[in-house]
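**Q** Give me a model of this one.
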Amino acid sequence: MHKLAIFGGTFDPTHWGHLLIAETALHQVSLEKVIWVPSLNPPHKEAGLFEHRVQMLQLAIKDNPAFTVSQVEANRSGTSYAINTLINLSAAYPNTHWYWIVGLDTFQTLPGWYRGHELVQMCDWLIAPRLLGGETITQSKLICKQVEQQLRERSHNINWQLLDIPLLGVSSSLIRKFCRDNFVNAKGERQSIRYLVPESVRLYITNNNLYSHKSE
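**A** Next up, the predicted model:
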């Protein structure tokens, strides 16, 4: 039985926090591989620039043989639902015990996901705590238990564990904000997101003028 994890998201852009989450999951549950799945049309947020997001993701993970990018959602019409992604990947990777990597804020919405009652029992859940309103690890566990209780009240069982990862304040939305607000310094250099993203991603954003007012 293979042990693989799906890490879905917009990755707009991929940053060091994403990479740390995936690396932690890889070793915490002894995964063979983490399959990164960039969302084409996620149900709860807007996400454009699909081809750019895929390129940045591939640049960010290229030096880790245990990471791979799946474009399973690229040719799918309509909304990108997680249940369809798992069904498609299960066909491509048979005989697999699946894990799903997700941030705490997204995990909180799981009871309302499309066909979520099916999805929660098809894989184990690895939750990355986030620095949201100053939550501690204890508070993060409490939130996860509340989600578990909501599902149990509907007769749905779920296996989950928190990833043992430092709380990080970096986010894709913060990086996009930096790019829009103060990305260019007095010398005309774009450096404000250095060390928030891999250098290859930073250069890609610069070379393609992503997220600036001029690119909107």
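**Q** who touches the helix or strand bottoming out on mean pLDDT in the chain?
**A** Lowest by mean pLDDT, DSSP states H and E among the helices and strands of the chain is helix 172-182, with a mean of 82. With CB atoms under 8 Å, 6 or more residues apart in numbering as the test, helix 172-182 has contacts from 10-15, 190, 192-193, 196-197, 205, 210-213. To be clear about C-beta, it is placed using only N, CA and C from the backbone, and glycine gets the same treatment.
**Q** Could you list the low-confidence segments of this structure?
**A** Filtered on pLDDT under 70, the chain yields the residue ranges 43-47, 131-135, 167, 182-191, 213-216.
**Q** in it, which helix has the most residues?
**A** In the chain, taking DSSP state H as the definition, the longest helix is helix 137-152.
**Q** List the buried residues in it.
**A** In terms of neighbour count (16 or more other CB atoms under 10 Å), helix 137-152 has its buried residues at Ser140, Lys141, Ile143, Cys144, Val147, Glu148, Leu151.
**Q** ok so, going back, pull out the buried residues from the next helix or strand after the least confident helix or strand of the chain.
**A** Using DSSP states H and E, the next helix or strand after helix 172-182 towards the C-terminus is helix 199-207. The neighbour-count check on helix 199-207 (16+ other CB under 10 Å) flags Ser200, Val201, Arg202, Tyr204, Ile205, Thr206 as buried.
**Q** How about stretch 50-57?
**A** Buried, per 16+ other CB under 10 Å, within stretch 50-57: Phe50, His52, Arg53, Val54, Gln55, Met56, Leu57.
**Q** Could you list the residues in contact with it?
**A** Stretch 50-57 has contacts (CB under 8 Å, 6+ apart) with 10-14, 36, 38, 40, 47, 69, 71, 74, 201, 204-205, 208, 210.
**Q** mind running it again at 7 Å?
**A** Under the contact criterion CB atoms under 7 Å, 6 or more residues apart in numbering, stretch 50-57 has outside partners 10-14, 36, 38, 40, 69, 71, 201, 204, 208, 210.
**Q** Tell me how the protein divides into domains.
**A** Listed by automatic domain parsing, the domain ranges of the chain are 2-162, 172-215.
**Q** Please identify the deepest-packed of those domains.
**A** domain 2-162 (a mean of 17; mean count of other CB atoms under 10 Å).
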